[in-house]
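[1] show me the folded form of this:
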Amino acid sequence: MANISHELRTPLNIIVGFAEMLCTAPEAYDTPTWSPALRGDLLTIWRNRSLIRTMVRRDILGRYRGSFGGIFWTLLNPLLLMLTYFFVFGVVLEARFGPNSSRADFALYFLAGMLPWLAISEAAGRAPAVMLEHRNFVKKLVFPVETLPVNLVAAGLVTEVFGLVMFTAALWAARGTVPASVLWLPLLIVPQVLLTAGLAWFLAALGAFVRDLGQIIGFLLTLWFFLTPICYPEASLPAWAVPVLSKNPLYVLVRGYRDVFLEMQAPAFGALWKLWALSMAVCVAGHAWFYKLRKSFPDVI
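    Residues are numbered from 1 along each chain as shown. This next block holds a predicted model:
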């Protein structure tokens, strides 16, 4: 009976403690504002960049250890995913894209939109479980836990790089050249990284308390994917949907990638500066949330 009482009391204590932390003023913590904390954690991430590289490499190698394909699955997984979506939307549902568009045009259109999605979806999809997966590290006071979500961001970028290599090869094969406008790509990748890091920090902290978050995020990511014109043309959207979707940061990223690769022009600066502002805000807010809750991670995992 005492054991049952203890089992019931433990989750209740966690919930109560979680609520108390959310109501605690930031001044109650060691760092009075988020700004010094963020600067300190960015310095910690920089100092531990070799640790991050090692953990990302171990994550990628360990994910496919013992499999026949080994590390080649890092390339095959995004390739098979993109081929599946291309078959469904470019071949089976070909009529949706109009009579004047070829399959090659749609393939390039689709692949360009998939590039930012590969990085964001991998980091956001794995973030809710990252603290539980590395509980042994989290319980060590000297381990920089803020680097764990950053590992996911880096791993997502590695996946995107493989996708970028495949896309560049397809673009070269189809058009015989890669446009000089790809030099604008860093203006898209930087806010993408900031946005992904903010989401990863937020979801990693929340996932330590809400064990069902991974399933919820999986559904929300699927919804986000299909609400963004990645695998269907923007022209098929109703007129009222375009202003709404313009608030979607993924939509801005997808359009930006298509601008620099397919339209051979710079991304629209009107939408780009808003993307930068939103990404920085998400990064700061996600880190503030993570910093507020991280002292309780060892107690709840």
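
[2] what stretches of the stretch 1-150 of the chain score poorly on pLDDT?
    1-37, 64-72, 74, 90-101 (pLDDT under 70).

[3] could you say which helix or strand holds the most centrally placed residue in the chain?
    The structure's the chain has its C-alpha centroid closest to I120; by CA atoms, centre = their mean the separation is 2.3 Å. Using DSSP states H and E, the element containing I120 is helix 103-126.

[4] moving C-terminal of that helix, what's the next helix or strand?
    Of the helices and strands lying after helix 103-126 in sequence (DSSP H and E), the nearest is helix 130-133.

[5] what sits up against the helix or strand following that following helix?
    Later in the chain than helix 130-133, the nearest helix or strand by DSSP H and E is helix 135-138. When contacts are defined by CB atoms under 8 Å, 6 or more residues apart in numbering, helix 135-138 is touched by residues 131, 143, 145, 148, 297-298, 301. Bear in mind the C-beta positions are built from the backbone N, C-alpha and C, glycine included.

[6] of those residues - the most surrounded one?
    Most neighbours among the contacts of helix 135-138, by other CB atoms under 10 Å: M131, with 27 neighbours.

[7] where along the stretch 201-301 of the chain do the strands fall?
    Taking DSSP state E, counting those that start in this stretch to define them, one finds no strands in the stretch 201-301 of the chain.

[8] list just the nearest of the contacts of helix 135-138 to L206.
    M131 (9.8 Å; CB to CB).

[9] verify the stated contact: that closest one with G207.
    Yes. Applying CB atoms under 8 Å as the test, M131 and G207 come out as touching, 6.3 Å apart.

[10] which non-adjacent residue is nearest T44?
    Spatial nearest neighbour of T44, excluding adjacent residues (CB to CB, 6 or more residues apart in numbering): P144 at 5.0 Å.

[11] for the longest helix seen in the chain, packing partners?
    Secondary structure of the chain per DSSP state H: the longest helix is helix 147-175. Judged by 3 or more CB pairs under 8 Å, 6 or more residues apart in numbering; DSSP states H and E, helix 147-175 is in contact with helix 34-47, helix 49-63, helix 73-85, helix 103-126, helix 130-133, helix 186-207.

[12] now for those helices, which one comes closest to R175?
    Nearest of those (CB to CB): helix 103-126, 8.2 Å.

[13] distance from the chain centre to stretch 76-94, please.
    In terms of CA atoms, centre = their mean, to the nearest Å, the centre of stretch 76-94 is set 21 Å apart from its chain centre.

[14] to clarify, my last question referred to stretch 47-55.
    A distance of 19 Å separates the C-alpha centroid of stretch 47-55 from that of its chain, computed with CA atoms, centre = their mean.

[15] report the buried residues of it.
    The neighbour-count check on stretch 47-55 (16 or more other CB atoms under 10 Å) flags 48, 52, 55 as buried.

[16] check stretch 143-162 too.
    144-160, 162.

[17] could you do stretch 159-179 as well?
    Within stretch 159-179, the residues that qualify as buried are 159-160, 162-164, 166-167, 170-171, counting by 16+ other CB under 10 Å.

[18] and what of stretch 260-269?
    260-262, 267.

[19] which residues sit against it?
    Residues outside stretch 260-269 that contact it (CB under 8 Å, 6+ apart): 108-109, 112, 167, 171, 178-182, 184-185, 187-188, 255-256, 259.

[20] helix/strand/coil for F143?
    coil (DSSP: H, G, I helix; E, B strand; the rest coil).

[21] in contact with it, which residues?
    F137.

[22] quick check: it vs N136, distance?
    9 Å (CB to CB, to the nearest Å).

[23] hang on, the earlier thing: can I get the helices and strands packed on helix 147-175 in JSON lines with distance to Q215?
    Listed next are the helices and strands packed on helix 147-175 as JSON lines, based on distance: least, CB to CB, whole Å:
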{"stretch": "helix 34-47", "distance to Q215": "29"}
{"stretch": "helix 49-63", "distance to Q215": "20"}
{"stretch": "helix 73-85", "distance to Q215": "20"}
{"stretch": "helix 103-126", "distance to Q215": "11"}
{"stretch": "helix 130-133", "distance to Q215": "14"}
{"stretch": "helix 186-207", "distance to Q215": "11"}
